[in-house]
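A.B. asks: next one to model:
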Amino acid sequence: MIYVNLNKKHNHMKNRRSFIKTVATGSLASAVIGCENSSIAERKTIPLGMKRNPIGVSTYSFWQFNGRETPIEYCIDKSAEYGFDGIELLLIQMESEENSYLQKIKKHAFHSGLDIMGLSTHQSFVSPDKNKRLENIELTKHQIEIAYSLGIPTIRINTGRWGTTQPQGNKSEFDVLMDNKGIESVIDGYTEDDGFKWVIDSIEQCIPTAEKCGVVLGLENHWGLGLTSRGVMRIVNEINSPWLKVTLDTGNFFDNREAQLEELAPHTCLIQAKTYFGGAKWPAFNEINIDYPKIGELMRKNNYRGYISLEFEGNENAETAVPKSLDLLRESFYFKLT
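C.D. replies: Numbers count the residues shown, from 1 in each chain. Alright, predicted model coming up:
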């Protein structure tokens, strides 16, 4: 026979009720928070009726084109460890486009608790050579199908650029382009209007594949004809498709930043958020002051509820800079629930 000490049981229940009451009244909160990471403990609360935007990170943040590609699996593991909600894949960083590899990556992200929320791709439609444009159209259709295989809802696309920049001394062509803030001359014998016609015609041919696969094309404010918000919106408005929206990069405007961000905000399907801890990888970007609380307010006005994808592009070690960037973005981006 088992005997129960009723006094002991009564004391246990009393202590349990006392514990629950203590938690309910909040007097234990400081003890609980004290066990948490200090950055989480100090995180400010958001107003009632608001919800934080989900935050992802681009695999580019862990590589930045520095030497051999950082494995996607490593990026997934680190992203989960740091507490991100999702991950954006940089296609040229992936070791293969074979379906077996894609499914392996999808499974790895799923078991790590991460959405694969974006695919960052490269193409160039700014060419007078029709065959080159056709090659890039087919390339982009293939990239859309890769996104479909991975269950990714949007891909970042570019216009491409004129390609007239030349290397100088020890500086690569791209380094010179960055020194020039993305500005380069038009190919001799052609005009910007020619370039826009090529880009619009090319992207239009990709739209049926995007619709079939359920993948939104996000045209980034990047280089070439996407250098300005005016250029991006000229293309988006001309095509006028629900399958073409904007990937808004917070770091790619040097001039009239507020006005250009405001123009793109209502059309945004994904935000790529730059940070430059340790100084920018390309010095020209040190001139840019990115006010994330202000950008967060702008996106709330436009009822943006989607993902923020971190693109860390600084010189600090990613192992310290990426978590700091996550804290910064968590504080800045939230939206109204109703």
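A.B. asks: quick one, helices of the protein?
C.D. replies: In the chain, helices defined by DSSP state H lie at 6-25, 29-34, 38-41, 72-82, 99-111, 130-150, 173-179, 192-213, 229-239, 257-264, 292-301, 318-332, listed in chain order.
A.B. asks: name the helix or strand of the chain that has the lowest mean pLDDT.
C.D. replies: Across the helices and strands of the chain, the lowest-confidence element by mean pLDDT, DSSP states H and E is helix 29-34, at a mean of 28.
A.B. asks: hang on, the earlier thing: lowest-confidence stretch among the helices of the chain?
C.D. replies: For the helices of the chain, the stretch scoring lowest in mean pLDDT is helix 29-34; its value is a mean of 28.
A.B. asks: leaving out the residues flanking it, which one is nearest to residue 96?
C.D. replies: The shortest distance from residue 96 to any non-neighbouring residue, by Cβ to Cβ, 6 or more residues apart in numbering, is to residue 102 (7.9 Å). From N, CA and C alone the C-beta is placed, and that goes for glycine too.
A.B. asks: so the one you found sits right up against residue 150, yeah?
C.D. replies: Yes. Between residue 102 and residue 150 there is a contact under Cβ atoms under 8 Å: 5.5 Å.
A.B. asks: now stretch 206-223: buried residues?
C.D. replies: Within stretch 206-223, the residues that qualify as buried are 206-207, 209-210, 213, 215-223, counting by 16 or more other Cβ atoms under 10 Å.
A.B. asks: how about the residues you listed in CSV, adding distance to residue 84?
C.D. replies: Putting those into CSV (distance: Cβ to Cβ, whole Å) gives the following:
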residue, distance to residue 84
206, 29
207, 31
209, 29
210, 26
213, 25
215, 22
216, 21
217, 24
218, 19
219, 24
220, 20
221, 23
222, 23
223, 27
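A.B. asks: among these, which pair sits farthest apart?
C.D. replies: With Cβ to Cβ as the measure, no two of the buried residues of stretch 206-223 lie farther apart than 213 and 223, at 26.5 Å.
A.B. asks: picking that back up, in TSV: the helices of the chain, plus distance to residue 271.
C.D. replies: Putting these into TSV (distance: least, Cβ to Cβ, whole Å) gives the following:
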stretch	distance to residue 271
helix 6-25	37
helix 29-34	29
helix 38-41	21
helix 72-82	17
helix 99-111	20
helix 130-150	18
helix 173-179	21
helix 192-213	20
helix 229-239	14
helix 257-264	10
helix 292-301	7
helix 318-332	9
